[in-house]
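*Asks:* Sequence first, predicted coordinates after that:
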Amino acid sequence: MRLLIFGLGYTAQVLAARVRAAGWQVVGTTRDGRGDTLRFEDGAAIAREIAVATHVLSSVPPSGEIDPVLVSYGPALARSGAWLGYLSSTGVYGDAAGAWVDETAPLGTGRRSARAEADRDWLALGARVFRLPGIYGPGRSPLDRVASGAAHRVESPGQVFSRAHVDDIVSGVIAGFDAPAGAYNLADDVPASQNDVIAFAAALLGRDPPPFVPLDSLSPMARGFYAENRRIANAKAKRVLGWRPAYRDYRAGLRALKAMTSPPITSAAPAPASSDQR
């Protein structure tokens, strides 16, 4: 099997390592072609890879109002006959006032309108679209933020978010290799307040919870994040993919990360290549 990944972000790198360990060949793209990756704009090389790939996954977010992968390579992907996958975001649902949302919910507009449009376009192409909530894992978790002093709690009563451990997202994508095309929410079972998550991470590290900050002190991007309130339902992924999250809630996930961290976390992880790259 041969997997072509557009955009080797955090989750995509974990997926690449997992399938390589199973004997797959993996080729990835980056903006500059660093290391053994392909430069995204090297159309000839990427066309050759599309022609031989059995599976193609994109983790590249929209750029402005367009999806760069579909604009540059959509026709070739449509002709390829390869399995297609796209790492989308549960942000496409918009604000649900704290209600549960599943894959039948209408896609929202507002701050994620370009993402919602890309989501629709990948579905129209016959892809498996994995809608992802907040992603955490080794080197990128509330434990790292608390340890570095970058964590805070926000005065936003009643706010809840869904999240998923990166290993659970990867296992869901792999389960999707044998699944029908369509959208799948990959989230843990227990949406929770970000404040509770941060306080629990601090307790695991033996620290006091960080202070509360007012919502209006955050950046416009962060305020937009807190303007949405929803719980993500994962029943379809369980039913169709046969998938179950190994870490059903943030407590299990953060305990596992704490147990595997030796010596204790002392600094934050490097920033990802893109704030929204999956």
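*Replies:* Nice, thanks for sending it over.

*Asks:* Please count neighbours and contacts with C-alpha atoms only from this point.
*Replies:* OK.

*Asks:* And the residue lying closest to Ile169 once chain neighbours are set aside, how close does it get to Val19?
*Replies:* Using CA to CA, 6 or more residues apart in numbering and skipping residues adjacent in sequence, the residue nearest Ile169 is Leu186, 6.1 Å away. According to CA to CA, to the nearest Å, Leu186 and Val19 sit 19 Å apart.

*Asks:* do Val129 as well
*Replies:* 19 Å.

*Asks:* before we move on, the earlier item: can you pick out the residue with more neighbours from Leu186 and Val19?
*Replies:* Neighbours were counted for Leu186 and for Val19 using other CA atoms under 10 Å; Leu186 has more, 32 against 17.

*Asks:* dump the residue contacts of that one.
*Replies:* Going by CA atoms under 8 Å, 6 or more residues apart in numbering, Leu186 touches 130-133, 164, 168-169, 172, 234, 237.

*Asks:* Secondary structure for these - can I get that in a markdown table?
*Replies:* Output for those, formatted as a markdown table (DSSP: H, G, I helix; E, B strand; the rest coil):
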| residue | secondary structure |
| --- | --- |
| Phe130 | strand |
| Arg131 | strand |
| Leu132 | strand |
| Pro133 | coil |
| Ala164 | strand |
| Asp168 | helix |
| Ile169 | helix |
| Gly172 | helix |
| Asn234 | coil |
| Ala237 | helix |
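
*Asks:* and those, which are buried?
*Replies:* 130-133, 164, 168-169, 172, 234, 237 (16 or more other CA atoms under 10 Å).

*Asks:* Might you report the residue contacts of the closest residue in space to Arg230 that isn't next to it in sequence?
*Replies:* Excluding its sequence neighbours, the residue lying closest to Arg230 (CA to CA, 6+ apart) is Gly98, at 4.1 Å. Neighbouring residues of Gly98 by CA under 8 Å, 6+ apart: 158-160, 229-231.

*Asks:* Okay, strands next: where are they in this protein?
*Replies:* 2-6, 25-30, 38-39, 55-58, 83-89, 100-101, 128-132, 134-136, 153-154, 163-165, 182-185, 212-213, 231-232 (DSSP state E).

*Asks:* okay, and for this structure, where does confidence drop off?
*Replies:* By pLDDT under 70, the low-scoring segments of the chain are 109-111, 262-278.

*Asks:* ranges for the helices of it?
*Replies:* Per DSSP state H, the chain carries helices over the ranges 10-21, 43-52, 68-80, 113-124, 142-148, 166-175, 194-204, 220-226, 235-236, 250-260.

*Asks:* quick check: angle from the longest one to helix 113-124?
*Replies:* This points to helix 68-80. Calculated by axes from the mean of the first three to the mean of the last three CA atoms, to 10 degrees, helix 68-80 forms an angle of 10 degrees with helix 113-124.
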